[in-house]
Structure formats: structure tokens, C-alpha cells
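Asker: pasting the structure only:
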């Protein structure tokens with residue numbers, strides 16, 4: 001699938017300790033294309049493995065994977081930037097298409113089944129879109145990272161005393177509201193990422209949480225990491241109550257917030273295996289709460305005491 005391209009540049013990013021390579025024409029300003037990834041740009045170390053490669057050809061190129069009668073639509077979602085993203089599957093590839101409400105062009109990514117290599121294509125005559133490319137990079141990284149004990153998770157994350165705390169929940173539950181309560185009322189707290197941090201089991205068996213180039217509507221793109229102290233799934237309630245979860249309940253609390261293609265058996269198995277490793281090492285809680293400072297105090301004290309409190 002990979003093709004040599006004249007007058008190209010290879011740019012490297014290290015995200016959650018994993019190396020990503022992007023090859024694009026020399027005339028493209030990669031910092032303008034991917035501004036949220038600037039802090040993650042690195043020089044590749046000798047023989048450092050690359051887990052994910054993305055390729056942006058110059059102009060129209062032959063060899064594009066076309067939709068056929070064998071192509072099937074797997075999902076269709078609306079995003080935070082009024083984009084519509086569709087995922088298709090062919091016998092050899094996944095095809096992801098995204099369009100925007102204020103833009104007539106369609107942007108497209110073709111990926112191998114493990115997302116280790118992807119080609120990004122713009123509409124004919126169109127310029128590269130930073131929004132689309134950032135989205136495609138997130139999708140490709142999230143899928144292939146699960147094969148390296150790393151999961152991109154939908155959560156808002158704060159760091160306090162060098163330890164990370166990840167708050168999960170359905171959209172609109174109040175994840176950002178809760179972390180703001182920590183920032184305002186738990187002295188020494190700071191935001192690591194407000195939407196899509198990455199979590200990884202390191203070689204020494206510890207679990208760390210990482211900032212990424214993706215943070216939703218909040219511009220928080222920190223190339224930092226911290227040992228993970230706890231996962232907490234939030235639920236709106238008329239009172240504040242913190243409950244530790246174990247086994248199946250813990251898995252059910254985490255799984256809906258993880259980025260992975262559940263119709264790909266290899267990737268989904270790797271995701272579930274990764275979650276099992278997380279649950280063995282990191283406590284998981286459910287926090288039924290009001291949007292008030294006492295909920296933040298309950299979470300901080302209860303998580304660190306690791307017991308049920310009401």
C-alpha cells in the first residue's frame with residue numbers, strides 16, 4: 001500500500017510513548033495542518049519502531065480503493081465540529097469519509113485492517129484540511145494503539161500531586177464540569193486533557209495516562225504523562241455517592257468510553273485484554289453526583305481512601 005513520493009517529508013510524533021510517522025508533500029506546512037500536535041513532534045531515534053504511518057499524496061493518485069458491491073457501511077456519527085463521519089469496510093481496507101456542514105468537500109482515509117498504514121485523500125483540487133487530518137490521525141492512532149497496550153479513552157483528566165485521575169461518562173454527564181470543580185476546589189490540581197487522553201501499560205507494569213493532540217472543545221494539548229490513580233465513571237444524581245467497582249462492573253464502566261472498532265475481532269480483543277490489565281492494576285469507581293464542590297471533595301478523598309462513602 002505504501003508508495004514512494006518525490007519531494008516528500010517524513011514527520012514524526014510520539015504520542016503516549018508510541019511513534020507515528022506522517023509523510024506529506026514538502027510544500028505542506030505540517031504545523032499549520034496539525035497545530036494541536038506541535039508539542040508531540042520529535043526526531044525519530046535510531047531503529048525506533050513506528051506503530052502508525054499516514055501518507056498524504058500530492059494531487060490525484062491512482063490506486064484508490066473504490067466502493068463496490070462488497071463495501072458495507074459500518075457506522076455514521078456526527079462530531080463536535082459539525083462533521084459527519086462514515087466508516088466503510090472493503091475486503092482489504094477500511095474507508096473513512098468525513099464532511100463538514102460549512103465545506104462541500106469530502107475528505108477520505110483508506111487504512112489497512114490494523115490501521116498501521118493509511119492514505120489520506122482530499123477532494124480533487126482541495127487543500128489539506130487540518131480538521132479532517134487531525135480526526136483521521138486520532139482514528140488511526142486509536143485503533144492501532146490497542147495492539148500496543150495503549151487505549152485512547154473518552155475522559156476528562158486532572159493531575160494532583162503527580163497522579164492522574166480520569167473521569168468518564170456519557171456526553172453531557174458533566175465530565176468537564178467535574179474536573180473544573182477539582183481545578184477550583186482541590187488545591188494543586190491541573191488539567192491534563194479534557195476529552196481524549198491515552199492510557200498505557202508500561203513495560204514495568206505501571207499504568208500511565210497521557211495528554212494527546214485531541215482534547216475536544218478545550219485547547220489542552222500537553223505532551224505529559226502521570227501514573228494513573230483511578231478511573232471514575234460519572235452519573236448525574238440528586239446526591240453524592242462514590243462506589244468502588246470490581247470485575248464485570250468495572251469493565252462495563254470503562255468499555256463504552258474506549259475508542260476501538262468493535263467489529264474488528266483483532267482490535268476488539270486487544271482492547272478487552274488491555275482493559276483487563278488496567279482493571280487489575282487501577283481502581284475503578286462510580287460517582288453519582290451533583291455539580292458542586294462537595295462532589296469533587298468526595299471523589300478526591302474517597303478515591304484515595306479507596307472505600308465507599310456517602
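Answerer: That came through, no problem. Just so it is clear, the model here is predicted, and its values are computed rather than measured.
Asker: host element of residue 176?
Answerer: Using DSSP states H and E, residue 176 sits within helix 175-185.
Asker: Which parts of stretch 176-195 count as buried, going by neighbours?
Answerer: Within stretch 176-195, the residues scored as buried using 16 or more other Cβ atoms under 10 Å are 176-182, 186, 189, 191-195. C-betas here are computed from N, CA, C, even on glycine.
Asker: Now tabulate the residues you listed in a markdown table and tack on distance to residue 217.
Answerer: Listed next are these as a markdown table, based on distance: Cβ to Cβ, whole Å:
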| residue | distance to residue 217 |
| --- | --- |
| 176 | 8 |
| 177 | 13 |
| 178 | 16 |
| 179 | 13 |
| 180 | 13 |
| 181 | 18 |
| 182 | 18 |
| 186 | 22 |
| 189 | 20 |
| 191 | 13 |
| 192 | 16 |
| 193 | 12 |
| 194 | 8 |
| 195 | 8 |
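Asker: Most widely separated two among these?
Answerer: Among the buried residues of stretch 176-195, the pair separated by the greatest distance (Cβ to Cβ) is 186 and 195, at 20.1 Å.
Asker: Let's verify residue 52: helix, strand, or coil?
Answerer: With DSSP: H, G, I helix; E, B strand; the rest coil as the basis, residue 52 sits in strand.
Asker: hang on, I meant residue 302
Answerer: helix.
Asker: Show me the contact partners of the helix holding residue 176.
Answerer: Applying Cβ atoms under 8 Å, 6 or more residues apart in numbering, the contact partners of helix 175-185 are 155-158, 160, 165, 167-169, 189-191, 194, 218, 234, 287, 289, 291-293, 295-297, 299-300.
Asker: Then stretch 272-285?
Answerer: Under Cβ under 8 Å, 6+ apart, the answer for stretch 272-285 is 146, 149-151, 199, 201, 205-207, 228-233, 242-247, 249-251, 253-255, 258, 299, 302-303, 306.
Asker: Same check on stretch 35-48?
Answerer: Stretch 35-48 has contacts (Cβ under 8 Å, 6+ apart) with 11-15, 19, 21, 30-31, 50, 130, 134, 137, 212-215, 219, 221-223.
Asker: Filter these down to the buried ones, ChimeraX style.
Answerer: When burial is assessed using 16+ other Cβ under 10 Å, the buried subset of the contacts of stretch 35-48 is captured in ChimeraX by this command:
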select :11,12,13,14,15,19,21,30,130,134,137,212,213,214,215,221,222,223
